[in-house]
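Colleague: With the sequence up front, the predicted model follows.
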Amino acid sequence: MTAHNSDSETEMDSAPAEQPPSQPFRTDDGGDVDDTGHASGSRELESLADVRDVFPVLVELRDHLDEEQYLEYYTEMADDGYTMFACDVEGDTVAVAGVKITTNFYLGRHAYVYDLVTTEAERSHGYGRRLLEYVHEWAADRDCEAVELESGLWRDEAHAFYEDLGYEKYCYSFAYDLS
């Protein structure tokens, strides 16, 4: 699987490479017990209220957004297929991911992770890993051939996190500012 590492991720202090991969989340109503002994689970966000509720977590990654702009962008992105997921521990959201399924000539049908963040207070407990593994399963269930993301050049710890999950660096991403 090829993947493109993303600036979209603040889970960089996640589980060290020597930690074995966590078990995937159950998708029933039970959830799992995480490495801290707390009940945890993941879910696809299904309502605008759910999306609004996870803003305090997402803004840790996208701190340039206010809630109004976040909801405006989300509405436009959702119309284009963007889907959000949350990892909850004991009823509190601790990690959020935003993903879109797309197709291109070099990866075929794939899921692109635009956003992945674990709240600062809950990093290094494996929640980002578990949420990304859940996204992998979700994408596979939708006939995706890969999961792709980008990561800023300066995010060495995030790169180690992704590589530990089996992602490989394969290109640079470029942007041209039109403003």
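Modeller: Alright, I've got the coordinates. Just so it is clear, the model here is predicted, and its values are computed rather than measured. Numbering: from 1, shown residues only.
Colleague: Which neighbouring elements make contact with the one helix or strand Leu132 maps to?
Modeller: In this structure, Leu132 sits in helix 127-141 according to DSSP states H and E. With contacts taken as 3 or more CB pairs under 8 Å, 6 or more residues apart in numbering; DSSP states H and E, helix 127-141 sits against strand 39-44, strand 83-89, strand 92-104, strand 108-118, strand 146-149. C-beta: built from backbone N, CA, C; applies to glycine.
Colleague: If I take the third one and strand 83-89, what angle do their directions form?
Modeller: Relative orientation of strand 92-104 and strand 83-89, computed by axes from the mean of the first three to the mean of the last three CA atoms, to 10 degrees: 150 degrees.
Colleague: CA atoms only: put strand 92-104 into CSV for me.
Modeller: Only the C-alpha atoms of strand 92-104 are listed here, as CSV (Å, rounded to 0.1, in the frame of the first residue of the first chain):
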residue,chain,number,x,y,z
ASP,A,92,-15.6,12.0,25.4
THR,A,93,-14.2,12.5,21.9
VAL,A,94,-10.4,12.2,22.0
ALA,A,95,-9.5,11.9,18.3
VAL,A,96,-11.1,13.0,15.0
ALA,A,97,-10.4,12.0,11.4
GLY,A,98,-11.8,13.5,8.1
VAL,A,99,-11.7,11.4,5.0
LYS,A,100,-12.8,11.4,1.4
ILE,A,101,-12.9,8.6,-1.1
THR,A,102,-11.5,9.6,-4.5
THR,A,103,-10.0,8.1,-7.6
ASN,A,104,-6.9,9.0,-9.5
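Colleague: Okay, now the sheet partners of it, with direction.
Modeller: Using DSSP bridges, strand 92-104 pairs in its sheet with strand 83-89 (antiparallel), strand 108-118 (antiparallel).
Colleague: roughly how far out does the last one sit from the chain middle?
Modeller: The one in question is strand 108-118. Remark: strand 108-118 is offset 6 Å from the chain centroid, using CA atoms, centre = their mean, to the nearest Å.
Colleague: same thing with stretch 86-98?
Modeller: 11 Å.
Colleague: And that stretch, what's buried?
Modeller: Within stretch 86-98, the residues that count as buried by 16 or more other CB atoms under 10 Å are 86-89, 93-98.
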